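Asks: Have a look; sequence and predicted model below, questions after that.
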Amino acid sequence: VCITGTSRSWMKSSRASKGNSNSGFAATLPCADYAQLFKTLSIVLERGLFLPQEKPNWNTTDVFLDNRYHTTEVWADKDGNPLHPGTGYWVGGNTKVYGAALFRLRKEDFDVLQHKGGISPEWPVKYDVFEPYYTEAEKLFCVHGQLGFDPTEPFHSKEYPFPRDYQ
């Protein structure tokens, strides 16, 4: 939950606008935007404890196949069938077991695409709508990279904040 409100209104009347969001990566940009746009205080409430610092953190089998850090909750899908969400409740959200790869969808990913498994429908918005947000996220999360290294990369309005020489 991202809670925003001016420090005065928050302290005196506890009035605040609430925007539901995950914690970690997913909450960072909206909460930062709310705080800057409305000149308010943003608070992200976390669910869970700190992820233990231990060797299995680095083992993909422990993390993703054995679900060492995932909840044991069972959700239900739209038909009421059991669904194991593969999510974890840690300070920082699922970002704690994130592989540290921040990629952009390609321009064509927003169009109808035929895949081996079927058709991916066209998005109601296109890449150019998301591009400024990708750029802002890359700046916020100190993404390293070099434009032109990947021949399939989409348009970037700015260079990566931390260019890297791949030679």
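Replies: All right, it came through fine.
Asks: make it CA atoms for all contacts and neighbour counts henceforth
Replies: Will do.
Asks: Count the neighbours of residue 156 for me.
Replies: 14 (other CA atoms under 10 Å).
Asks: Repeat that for residue 122.
Replies: For residue 122, using other CA under 10 Å, the count is 13.
Asks: what about residue 109, which SS state?
Replies: Three-state call for residue 109 (DSSP: H, G, I helix; E, B strand; the rest coil): helix.
Asks: Check the spacing between it and residue 118 real quick.
Replies: 14 Å (CA to CA, to the nearest Å).
Asks: Just want to know which of these two has more residues nearby.
Replies: When neighbours are counted by other CA under 10 Å, residue 109 and residue 118 differ, and residue 109 comes out ahead with 15 against 8.
Asks: quick one: contacts for the more buried one?
Replies: By CA atoms under 8 Å, 6 or more residues apart in numbering, residue 109 lies in contact with nothing.
Asks: Report pLDDT for it.
Replies: pLDDT recorded at residue 109 is 92.
Asks: Equivalent analysis for residue 120, please.
Replies: So residue 120 comes in at 90 (pLDDT).
Asks: Give me the phi and psi for it.
Replies: Main-chain torsions, residue 120, degrees, to the nearest 10: phi -90, psi 120.
Asks: That one contacts residue 113, doesn't it?
Replies: Yes - using CA atoms under 8 Å, residue 120 is in contact with residue 113, at 5.1 Å.
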